[in-house]
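S.K.: Quick one, what's the 3D model for this:
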Amino acid sequence: MGGGGLESNVSCRNISGRTVWKEIIKAGKIADSTGASFSSSITKCLGNGVSIKFWNDIWFGSERFSTLFHRLYMLETNKDASIAERITHSNGSSVGNWCWTRPPTGRATNEITELNNIVSSVTLSDKQDSWKYNLDPTGIFTTKSLTLLINTPRLGSNALSLSIPRNKLLPQKVYIFIWRAIQKKIPVRLEIDKRGIDLDSTLCPLCELNIETTEHILSSCPKTALIWKLILDWWAQDYSLISNLNDAIINKQPFALSNFGFSIWQATKWITCYIIWKHRNLKVFSKKTWSPGSIISEIQTQSYSWISKRSRKKKSIEWHQWLINPSFFVADTPHRVGFG
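M.R.: As a prediction, the model looks like this:
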């Protein structure tokens, strides 16, 4: 949101920038997990009352005075009057400075009594009016809290857990694929079927035994599991290290590695998922043979190419060592490079 002139952290900002905030609020109308709207998440903080409309802005309670005191509003001569124009201080207390087209009568007199009681409790200050962000206890607006507000209805209450740090050893396309896989957004047959698209079968195109889900195709399919077994053999690790999608993508450091080494380990896993999906598509759309040997060779070659080119420690990565055991030369490397 920085491109729109907003700072990433805004706390009760001066309303001189009200036009920008109005556009955000107008476009907001996004329900959070409690059913509240984004427009109710940013409210005005009363200062001197110069920039807030007495009748048409929400500044006291949850309703506009134009709605709450409709009869008085119809009698108002200046419906856009500011709070500073309608509230004055007299003898140490706040009183209404009204300007009616005619004196209130009938039920409007009841409204004026209630309104005067509210006005008497209001205190204006010398500070300028400002904004407050209600979805954070600090009152500070952050793009992270807004992202959570938008994502929670779409991704569920675990939206934050779906956020993963960027691995700088990989190209953007691999990171995007992994991000989509975590959200179950890659077009496996189950997801396509859920969207009402007719398929001949929802079974996995590799094993043809189980429904094809993201979890199945990237981790638990027997043919995919064989790829992971060969990867773990290559890294000299136990076969049980990767048994589900969480292990394959977002599991924490499973064995002793430096920060740099863990970045390489994670990059290798993500590349494995990416290439598994690539070869799954080749089999589905081009009828290519699923060959574990060629897939492992491609993972080793492609991962070495991407990692060595992007690593500031690329001189320490030797091709023959990479083929023997990648963890051999990264386990005791203290240099941090991987995450951004």
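S.K.: what helices or strands is the longest helix along the chain leaning on?
M.R.: Determined from DSSP state H, the single longest helix within the chain is helix 259-286. If contacts are counted by 3 or more CB pairs under 8 Å, 6 or more residues apart in numbering; DSSP states H and E, helix 259-286 sits against helix 172-182, helix 222-234, helix 245-249, helix 292-310. (C-beta placed from N, C-alpha, C; glycine too.)
S.K.: The same query, at a cut-off of 6 Å, please.
M.R.: helix 172-182, helix 292-310 (3 or more CB pairs under 6 Å, 6 or more residues apart in numbering; DSSP states H and E).
S.K.: Take these and lay them out in CSV including mean pLDDT and distance to L230.
M.R.: Output for the helices and strands packed on helix 259-286, formatted as CSV (pLDDT from 0 to 100; distance: least, CB to CB, whole Å):
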stretch, mean pLDDT, distance to L230
helix 172-182, 92, 20
helix 292-310, 93, 5
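S.K.: Now A267: closest residue in space, sequence neighbours ignored.
M.R.: Spatially, and ignoring its direct neighbours in sequence, A267 is nearest to L169 (4.3 Å; CB to CB, 6 or more residues apart in numbering).
S.K.: State the three-state secondary structure for that neighbour.
M.R.: In three-state terms, and counting by DSSP: H, G, I helix; E, B strand; the rest coil, L169 is coil.
S.K.: That one: neighbouring residues, count only.
M.R.: The tally of other residues near L169 (other CB atoms under 10 Å) stands at 24.
S.K.: I'd say it and R310 touch.
M.R.: Yes - applying CB atoms under 6 Å, one finds L169 in contact with R310, separated by 4.9 Å.
S.K.: Run a quick neighbour tally on R180.
M.R.: R180, neighbours per other CB under 10 Å, totals 13.
S.K.: dump the residue contacts of it.
M.R.: I186 (CB atoms under 6 Å, 6 or more residues apart in numbering).
S.K.: From K269, how far out is W179?
M.R.: Look at W179 and K269: by CB to CB, to the nearest Å, they are 14 Å apart.
S.K.: More neighbours: those two, which one.
M.R.: K269 (24 against 15).
S.K.: Would you state the helices of this structure in chain order?
M.R.: Going by DSSP H, the chain shows helices at 18-28, 65-68, 70-75, 83-86, 108-120, 143-155, 172-182, 189-194, 214-215, 222-234, 245-249, 259-286, 292-310, 319-324.
S.K.: Figure out which of these is closest to K132.
M.R.: Across the helices of the chain, K132 has its closest neighbour in helix 18-28 (11.1 Å, CB to CB).
S.K.: Pull up the per-residue confidence for K168.
M.R.: On the pLDDT scale, K168 is placed at 88.
S.K.: tally of neighbours for it?
M.R.: 15.
S.K.: mind checking how far it is from S311?
M.R.: Counting by CB to CB - K168 and S311 are separated by 9 Å.
S.K.: hmm, back to that, need the helices and strands packed on helix 259-286 in TSV with distance to S125, can you?
M.R.: Formatted as TSV, the helices and strands packed on helix 259-286 follow (distance: least, CB to CB, whole Å):
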stretch	distance to S125
helix 172-182	46
helix 292-310	54
